[in-house]
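Enquirer: From the sequence below, what's the structure:
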Amino acid sequence: MALLAQGSTVPSALVALMVFRGPAWACLFCFTSYEERVRICQIFAGVEGPELEKCQKAFITAFKGLLDIEINDYERNHLHDAFTQMTHSLQEMAMAQGSFKIAFPNAAKKMQEVIKKLKEVEACIPPCGVQEASRSFRCRGCYSDVCELSLDCPVQDLTVTRGQQAKFSCSVNFSLPKEEITYSWKFAGGGVRTQDQSYFRDILQARGPLVRIRPVQPKHRGTYCCEISQDQFPVARVYFFLNVTGAPPRGETKLQVSFRKVLDWAPREAEMIESWRPSLGELLASSGALTPSNQCLLAAAAALASASATLVVWMFFRWYFQGN
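Expert: Next up is the predicted model:
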């Protein structure tokens, strides 16, 4: 097209560069290129002249309302597609000899409506963790941002009597991604309460979000760390400090203790620390288990069991009386 001849665009490009630079980036600048914006105004107003400059200024003015927009980062592609469609529509209006004074405000208004329908940014849930669900995209700067929270969660205290079992549930109060989630456990012994990773050593036999130690012995006193990762990148570290109380079992003499040490009779730690699957009773006993949705599921299961039992009894009596 002669209108867009390469040689004639150099002076206008320099002018447009100054006009489009603006005090800060906005959604218009994040999702459209400089060449696209210049081309649209050249079609509307020609390749040079005062009318071209007016077009460029009008373009910026119309989209100033999208300067500080923040959207959910997962909606960025959707918004990019919407801007691509907008540029095509503006080019069609310009080719049809439309007015940029009308086209630009209408386009900006439509983009605002598109943004309102996008999924909102989820709030960060303290106190810890890399929360991808709350990742946002900021048009002022054209960059993604995530919660600036510590990777390390506060230490939770657990006191268990010697000889009993200790249970750890590695969970956080925000939604975890559904793919590529792994759990690894570490232990800092000697009764140390710490979050310094240099004190910890891996517990290779413990995998999954639930771990137990049985029977608990004084040597298990210390800090346990569960690291939650997605695709090998840490998401959060959950800490537990286990305090062991109580005297040795009755009848255990110093001679027996020495005898066990010599023969290494006591079960090794690999046999004591293990992943576990909680029973239904344990799940119901845990805090937060009886949520409204879980109560509805239990009620539905009870109703189904009752109906099944009634049907079996009815079929038995029907068979019995027909036989007689």
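Enquirer: what about Ile228, helix or strand, and which?
Expert: strand 222-230 (DSSP states H and E).
Enquirer: With just CA atoms, put that strand into CSV.
Expert: The C-alpha trace of strand 222-230 is given here as CSV (Å, rounded to 0.1, in the frame of the first residue of the first chain):
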residue,chain,number,x,y,z
GLY,A,222,13.7,-32.0,67.5
THR,A,223,12.4,-30.1,64.4
TYR,A,224,10.9,-31.7,61.4
CYS,A,225,10.6,-29.9,58.1
CYS,A,226,8.3,-30.8,55.2
GLU,A,227,9.2,-29.1,51.9
ILE,A,228,6.4,-28.8,49.4
SER,A,229,7.6,-28.5,45.8
GLN,A,230,6.1,-28.1,42.4
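Enquirer: Give the buried residues for it.
Expert: Neighbour-count burial for strand 222-230, counted by 16 or more other CB atoms under 10 Å, picks out Gly222, Thr223, Tyr224, Cys225, Cys226, Glu227, Ile228, Gln230. The C-beta positions use only the backbone N, C-alpha and C, and glycine is treated the same way.
Enquirer: didn't Arg162 look like it was pressed against Arg214?
Expert: No - Arg162 lies out of contact with Arg214 (CB atoms under 8 Å); the separation is 11.5 Å.
Enquirer: picking up where we left off before, which single one of the buried residues of strand 222-230 is nearest to Asn243?
Expert: Gly222 (9.2 Å; CB to CB).
Enquirer: hey, what's that closest one bridged with?
Expert: Beta-bridge pairing for Gly222 (DSSP bridges): Leu242.
Enquirer: looking at it, it is touching Ala188, isn't it?
Expert: Yes - in this structure, Gly222 is within contact of Ala188 by CB under 8 Å, at 5.2 Å.
Enquirer: other SSEs contacting the helix or strand containing Val114?
Expert: Using DSSP H and E, Val114 sits within helix 100-116. Here helix 100-116 touches helix 34-45, helix 50-62, helix 76-95, going by 3 or more CB pairs under 8 Å, 6 or more residues apart in numbering; DSSP states H and E.
Enquirer: what helices or strands is the longest one leaning on?
Expert: When contacts are defined as 3+ CB pairs under 8 Å, 6+ apart, helix 76-95 packs onto helix 27-31, helix 34-45, helix 100-116.
Enquirer: In JSON lines: those, plus mean pLDDT, distance to Phe321 and mean neighbour count.
Expert: Output for the helices and strands packed on helix 76-95, formatted as JSON lines (pLDDT from 0 to 100; distance: least, CB to CB, whole Å; neighbours: other CB atoms under 10 Å):
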{"stretch": "helix 27-31", "mean pLDDT": "92", "distance to Phe321": "76", "mean neighbour count": "23"}
{"stretch": "helix 34-45", "mean pLDDT": "93", "distance to Phe321": "83", "mean neighbour count": "21"}
{"stretch": "helix 100-116", "mean pLDDT": "94", "distance to Phe321": "67", "mean neighbour count": "16"}
